[in-house]
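Visitor: sequence-free structure coming up:
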């Protein structure tokens, strides 16, 4: 599980060699701001080894990139590049205007994989895909398979919905991954030409346009950082500040859909299309940090605060509406029609990670944990070849699986699908799982911070040259015991900080021969450490009830069950009859009990006679039924045993244990 | 208010002359089935005179048709007909593919108006509009401004979303109104040519297509009845039976959107787009009745039962989802995202009226009353020049009014708008209010049934020639006293039936010198009646709490207040501060009290401190606040005093009067 301990290493001397397959200067970090309260560690410093996330990362690496490439080949999304290169574009181009971006997200996933494992298959895939993409690039750097060639509409003729710059943004993110795991190559050169084209076309003296789907901003900012090209960051700022003034044409869903209703510096909450809102917010943090723009940073923090307090599901999921894949208003959080797009979970992590790097505030890494376990982990099938797109908290009728080899035409469904008409989620999951090591730990001037708990080895160097090396051993979240083993002793003190999650009331730490209670927040231990010594954080994993704010109308009178970082749910297939989930009430006065699968609560099934009209002069007094044990399982596991109804929020019986 | 009493008229002799401006053989009936448990009375037999509905009908007549015509002229929807006639169609045709139907619905409204009042302005408008439409008809009867001319796409090239047959269906309904109020004229002749074209094109040996938006079926069936053309009814049957087999291409929203997923004879509930589902159901009743198809009638009744019991709002509103303007699943009835399109209310009345005529079941006329007061009455502004499109039961933030002369691009909003991008509701309201007299009363072999209470005069003839004549005097629903004055005495007995609404527990009837309690259902009084005698139905108008079925997750723990047929609501502008509606809880143990505006309940405003996360380990114990009187007003009146937040379902305080 771990790399074992070693002898003490003198401060400043080289740490033990680790087996990072592609050691590289930027350490395989997805995000690397020039300033900030803490500095991220990347794939070169943090390597996952098994456990909850290691297993998922392995399944992802083994199956998902190949799965995605095969689908895109089959559907002609890859051949779109060949057609541009060969001058054979035609009006029946397959895929949406954003299908290019799926190829780029796949490339990004492959790049992180090569950084993580050096997998030659992934290397070969990158070269293969890059060659096809490079051929499609126009001499001036423009690269898009849907516009500007043959009979296609002209370049930038539909900024609202054309996704041209969105695609380019993902190309730049792929190039960042390549730069930070392998260094400059053809993909990076293609991306540089594309970025230069964007700056020439949309610069201060160019088109005063923006893209209907933010993404170019976050791509430009990080690519600029990776290359030291400040003008890319400046172009990102320009796009940000152009937005919110009705720069784009109005559309039936309104300009809030693409955040062109209010300038980002003035907005109070996220609104409109969730992924758009969150990619934009991520870019805003990047620009704010790079340009020292405290007002902009504060604006994003304010939006995060309001949106997390009032527009976010208990799972961390964001997006209350199917209609526009968008945020709802404050307190509008229906569990059944929750959209909670997997990609919005990815994007939420992008925003929170950037805010955490800037501020060091633990609330951001708390939300990342919640989102990882209850959105990201829910999406992929165990073998990494099928995905949830939407992540509702209540499924009334079991979903219908798509036929084998069938493209799921819709985002809803209640079953994981191999591929979608709009297939943004599979590649987004792939790039996130491949780069997950980059989101676990940070350093500051005095030490190491561990944010997410997974079996892993951390080997880092502080700015003054001190090396810190620990191995994390844990069965988390199945168990709450996290053992941090010091891999290399140090003579001088440094600070080991461990995140105690906000939910972890009753946590303890055992170190240096004693055990003591610790409060949620960052637990900081500053001293010199002996090689081989173990600091044990014990998080309370007893299942617990969680109550919603009374202003969330859609779950009034309900209670949820959580266990550690996992939200639990009841699946209809665990109840006596398929329709029972409509009637189930639980006893909120009997604490949930631990169970191998997750938890058990006391529940019963009041008789619900059919009535011709659902509204009555008296509160219905139904026969209450017998109490029985209701099993709950982690939400991220739902529908893995087959299509089923499901709910997270359970109506609380008014009569409780007294009956 | 009423036409007064007259001397007794001997049975079989002519009743007093009434002032129906256009006496006509079919009596101005919107629906006239050849068989059925009861026979409708039309505008020639029932004339509204003031009161709740008379006032609305008057405002509608005075303003709405002219308003709609002016908007359609301004936007070029009328000129679309001229362009087809003149061969000047161009790719920039204004309006959606269904804009023709708005002209036809306007014509239908105008026709009912001429039948009701003989208004020469309406007559002139009909001639004016008919002339422009007639010029656009192709020699073979095809009539559409969006397809089949010049550069337009070919006829019937997009049956899924092209709305060609939908438009034609509305043309036929307009022609029915014209036939039944004025007789055959150019509009009827145009419609006949269009219907013949449809039968030739889509008959047994023709295209095996159907229209993505049902409406042609209900138009063909009634036009066939009105003309005695059985082949039109047969064509409607053919369309009905073709549907549900995947006859149309799949679309991202799925074939359930246009009810092409399951044959109508097999479906258990309404699903997909609500207006589509309901227009289809209305046609199915027509076809079932005309062809004696008991299986089909039973299928629609079954769908009505399930959908009314589990997929209908307390307002009678239908359509839980914005995404597809559609029904949700069973129990999916969110008040805030309720779509409850005004047109779905119109369509629901169409279905229930047809089912009532077929079966005589009072449940259908009960639902019509609920829908009239809480959907239809809510839509138009007091002056008939602005409309609600969606009718949610909870508005979190006040709507933003459109600028003067501005087309509302979206159906949501919380303020009535003059016109919409998709402007189906204004003309649908207009035709419904203009023909409302046709939905109030029926006859059977032995008497008269009054279903909806409004000041009106009813003059009818029974099949054996007996004449029945009553005047209804009432301030309903402001008061619950309904006085039915016999206008013409009879020597032989007949049955006067009065609907006692399902909600009217404690109703009484006073007649023949005595008062007695009556139960919900049809109160039947069989005897001979003296001219001038009054039968008084007293309905209990005390406001009352109404509780939802516990399976409606979105309103768990809430209670609504109703008064007579009206659902009441709280408007934010009646609370101390704008945001108070988010916190309001009401005391479910203190019965609501009558109030001039509607009702009052005891409520309070618990302090709701801002929390960084909306989910907590303990049920929030907020400071409860002082009890105060919360005013409620009829839902149909909401936002008439200006934009405001609003809610129908009020969270019930758990502590009630004990605190």
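Guide: Arrived safely. Note that this is a predicted model, so its numbers are computed, not measured.
Visitor: is stretch A:137-157 up against chain B anywhere?
Guide: No: judged by C-beta under 8 Å from any C-beta of the partner chain, stretch A:137-157 stays clear of chain B, getting no closer than 14.9 Å. No exception for glycine: its C-beta is placed from N, CA and C like everyone else's.
Visitor: any buried residues in that stretch, and which?
Guide: A:137, A:141-149, A:152, A:155-156 (16 or more other C-beta atoms under 10 Å in any protein chain shown).
Visitor: need the residues you listed in JSON lines with pLDDT, can you?
Guide: Conversion of the buried residues of stretch A:137-157 to JSON lines gives the following (pLDDT from 0 to 100):
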{"residue": "A:137", "pLDDT": "98"}
{"residue": "A:141", "pLDDT": "98"}
{"residue": "A:142", "pLDDT": "98"}
{"residue": "A:143", "pLDDT": "98"}
{"residue": "A:144", "pLDDT": "98"}
{"residue": "A:145", "pLDDT": "98"}
{"residue": "A:146", "pLDDT": "98"}
{"residue": "A:147", "pLDDT": "98"}
{"residue": "A:148", "pLDDT": "97"}
{"residue": "A:149", "pLDDT": "97"}
{"residue": "A:152", "pLDDT": "97"}
{"residue": "A:155", "pLDDT": "98"}
{"residue": "A:156", "pLDDT": "98"}
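Visitor: show me which pair in those residues is furthest apart.
Guide: A:141 and A:152 (17.3 Å; C-beta to C-beta).
Visitor: quick one: low-confidence ranges for the stretch 151-300 of chain A?
Guide: Within the stretch 151-300 of chain A, no range satisfies pLDDT under 70.
Visitor: phi, psi for residue A:472 please.
Guide: Backbone torsions of residue A:472, given as degrees, to the nearest 10, read phi -100, psi 130.
Visitor: and the nearest residue to it once chain neighbours are set aside, how many neighbours?
Guide: Of all residues not flanking residue A:472 in the chain, residue A:456 sits nearest, at 5.1 Å (C-beta to C-beta, 6 or more residues apart in numbering or on different chains). Other residues within reach of residue A:456 by the criterion other C-beta atoms under 10 Å in any protein chain shown amount to 28.
Visitor: now do the contacts for residue A:456.
Guide: When contacts are counted by C-beta atoms under 8 Å, 6 or more residues apart in numbering or on different chains, residue A:456 touches A:46-49, A:54, A:437, A:440, A:471-472.
Visitor: closest to residue B:577 out of these?
Guide: Scanning those for proximity to residue B:577, where the rule is C-beta to C-beta, the winner is residue A:440, at 45.4 Å.
Visitor: that closest one contacts residue A:448, doesn't it?
Guide: No: checked against C-beta atoms under 8 Å, the pair residue A:440 and residue A:448 is beyond contact range at 10.7 Å.
Visitor: now the common contact residues for those two.
Guide: By C-beta under 8 Å, 6+ apart, residue A:440 and residue A:448 have these common neighbours: residue A:458.
Visitor: and the most centrally placed residue in chain A, how far from chain B?
Guide: For chain A, the residue nearest the mean C-alpha position is residue A:346 (2.5 Å; C-alpha atoms, centre = their mean). In this structure, residue A:346 and chain B are separated by 21 Å, where distance is defined by C-beta to the nearest C-beta, to the nearest Å.
Visitor: equivalent analysis for residue A:574, please.
Guide: Summarising the geometry, the distance separating residue A:574 from chain B, computed by C-beta to the nearest C-beta, is 19 Å.
Visitor: how close does that residue get to residue A:596?
Guide: For residue A:574, the distance to residue A:596 (C-beta to C-beta, to the nearest Å) stands at 13 Å.
Visitor: residue contacts, the residue of the stretch 1-150 of chain A found nearest chain B?
Guide: Using C-beta to the nearest C-beta, the point where the stretch 1-150 of chain A gets nearest to chain B is residue A:96, with a distance of 11.1 Å. Contacts for residue A:96 (C-beta under 8 Å, 6+ apart) come out as A:163, A:421-422.
Visitor: please identify the helix or strand for it.
Guide: Secondary structure assigned from DSSP states H and E places residue A:96 in neither a helix nor a strand.
Visitor: returning to what we had before: okay if I get the buried residues of stretch A:137-157 as a markdown table plus distance to residue A:309?
Guide: Compiled in a markdown table, the buried residues of stretch A:137-157 are given as follows (distance: C-beta to C-beta, whole Å):
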| residue | distance to residue A:309 |
| --- | --- |
| A:137 | 45 |
| A:141 | 43 |
| A:142 | 42 |
| A:143 | 41 |
| A:144 | 39 |
| A:145 | 42 |
| A:146 | 39 |
| A:147 | 40 |
| A:148 | 44 |
| A:149 | 47 |
| A:152 | 45 |
| A:155 | 42 |
| A:156 | 38 |
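Visitor: many thanks, we can stop here.
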